[in-house]
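# what's the 3D shape of this:
(one chain, ligands or ions: 2)
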Amino acid sequence: MPEAAAAAYRVATYNAISARGLERLSASHFAIGKALADPDAILLRSHSLQLAEIPASVKAIGRAGAGVNNIPVEEMTRRGIPVFNAPGANANAVKELVLAAMLLAARNLVPAAGFAQSLAPGDDFDKRVEDGKKQFAGFELPGRTLGVIGLGAIGGLVADTAIRMGMKVVGYDPEITVDNAWRLPASVRRAASIEEVFKSSDFLTLHVPLNAKTRHLVDAARLAGARKGLVLLNFSRDAVVDEAAVLESLAEKRMRGYVCDFPSPALQGHPGVVTFPHLGASTEEAEENCAVMVAEQLRAFLEHGTIANAVNFPAVEMARESPHRIAIANANVPNMLGQISTTMAQAGLNIHNMVNKSKGEMAYTLVDLDSAASAEVVQRIARINGVLSIRPIPLIGS
Ligand SMILES: NC(=O)c1ccc[n+]([C@@H]2O[C@H](COP(=O)([O-])OP(=O)(O)OC[C@H]3O[C@@H](n4cnc5c(N)ncnc54)[C@H](O)[C@@H]3O)[C@@H](O)[C@H]2O)c1
Ligand SMILES: O=C(O)[C@H](O)COP(=O)(O)O
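Ligands and ions are numbered 1, 2, ... in the order given. The predicted model follows:
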């Protein structure tokens, strides 16, 4: 995309982002380019973003997808930079791949297809087809139990579809949101512990983010308590599973199969393992949905300071009633608003409208002023202990 000469904002991309999303950042206001220098925002998918790639000019990061473990989120919070993602935008794509994974494991489709492809031509071709098929006889899904760990956007859809297919579903998610709980079919059984899910599942599917609590959530101890013949499905992240423990369980014929979206040297060529090249969100629809959602969120933040779907910032909306808007990220401690508004009052600035929201240890404030704040006032606010970032947001014409 050509760099607009007078663009108000610069966006550096670190992965291919769907054109439908980039179209939301109009060329008149946004210069977009691969690893563009001095960007106001970074837009990426799974690129593992290093701190050295995040210069001081960056005001926001947009992840066109769900997982943000490839972004140094805690450091961004300390710098007062929101990290946006696209919750739910690729959930259907992942759900469909999970269903495919269950079906291919139940019917031994990968080795069966390999067998059929490998048959040499010859007179007895049909006989060899019929003789060979008995090695691949499988089982059907209705009546089998699916365990779902993580009942968010993807886990919820997988649970719902499995119920519709006649499976029993047992779910585990101690941090489930009220909205996600309401969306679940009533017949999803709530497990009291993660061990109960392992014990009662024929298939177990993981839909949690990768973080300190979920790293090696599937380990040797939990697999030892799993139902014999378990098929484990991992479309979450590689490190949610201890691969060595899975390979051992497969070797001892306690587990039936491992289907995952994360190939690794240790898994290569292993019978009982099927891997895909991180394909979960790679559909035209999901790529568009994610790019459009995150581009809109970045645009709203850069142009107006409003926040939707930031993983580290509160949601903040405020109708634009003044061209003189200031956005401030600050520590969520007493008297921050008092100090900010006093500094503005001392400079003779009148607050027209204001909103302040907090999330965990940080807070975010939008202020519409009746007149412009000078660079000196902005600097004075920036120096208040606890202010993480401050940004005057001029109203740019359409
Ligand atoms: N394979 C792919 O291409 C692909 C695509 C999309 C997402 N993902 C992965 O899937 C993850 C989930 O995506 P989502 O859109 O469903 O996210 P989500 O935020 O909607 O759902 C995650 C759920 O996990 C739950 N959770 C967190 N910690 C937990 C724990 N210790 N035990 C049980 N539940 C826990 C949360 O409460 C939440 O309900 C992403 O973070 C990403 O890593 C992979
Ligand atoms: O977390 C996600 O959204 C997925 O892992 C998709 O990653 P991708 O955008 O690189 O396909």
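
# which pLDDT value goes with I71?
According to the prediction, I71 has pLDDT 98.

# how many neighbours does it have?
Neighbour count for I71, taken as other CB atoms under 10 Å: 22. Every residue, glycine included, has its C-beta placed from N, CA and C.

# ok, the one 10 residues further on next?
Using other CB under 10 Å, I81 is surrounded by 23 other residues.

# ditto for L119
Neighbour count for L119, taken as other CB under 10 Å: 13.

# quick one: contacts for it?
L119 makes contacts with F125, R128, V129, G132, as judged by CB atoms under 8 Å, 6 or more residues apart in numbering.

# report the two of the residues you listed separated the most.
In the contacts of L119, the most distant members under the criterion CB to CB are F125 and G132, with 10.7 Å between them.

# neighbour count for the two, which is higher?
More neighbours surround G132 than the other of F125 and G132, with 14 against 11 (other CB under 10 Å).

# report the contact partners of that one.
Counting by CB under 8 Å, 6+ apart, G132 touches F115, A116, L119.

# hang on, the earlier thing: out of the contacts of L119, who's near ligand 1?
When CB under 6 Å from any ligand atom is applied, no member of those is adjacent to ligand 1.

# I'd guessed N180 sits against I154; true?
No - using CB atoms under 8 Å, N180 makes no contact with I154, being 10.6 Å away.

# between these two, who's got more neighbours?
For N180 versus I154, neighbours defined as other CB under 10 Å are more numerous around I154 (28 against 17).

# once you drop chain neighbours, what's closest to the residue in the stretch 51-200 of the chain that ligand 1 sits nearest to?
For the stretch 51-200 of the chain, the nearest residue to ligand 1 under the criterion CB to the nearest ligand atom is G152, separated by 1.8 Å. Excluding the flanking residues, the one nearest G152 by CB to CB, 6 or more residues apart in numbering is N180, at 5.8 Å.

# returning to that earlier point: nearest to R256, of the contacts of L119?
Of the contacts of L119, the one sitting nearest to R256 (CB to CB) turns out to be G132, at 20.2 Å.

# element containing that closest one, please.
Using DSSP states H and E, G132 sits within helix 125-132.

# chain center to that helix: distance?
46 Å (CA atoms, centre = their mean, to the nearest Å).

# direction included, what does whichever helix or strand comes after that helix pair against?
Proceeding N to C from helix 125-132, the next assigned helix or strand is strand 145-149, under DSSP H and E. Using DSSP bridges, strand 145-149 pairs in its sheet with strand 168-172 (parallel), strand 203-206 (parallel).

# quick check: E303 touching I393?
Yes - using CB under 8 Å, E303 is in contact with I393, at 7.2 Å.

# so what's the residue in the stretch 201-350 of the chain that ligand 2 sits nearest to up against?
The minimum distance from the stretch 201-350 of the chain to ligand 2, using CB to the nearest ligand atom, falls at A281 (3.6 Å). Residues near A281 by CB under 8 Å, 6+ apart: R45, G65, A66, N90, A93, V94, E287, C290.
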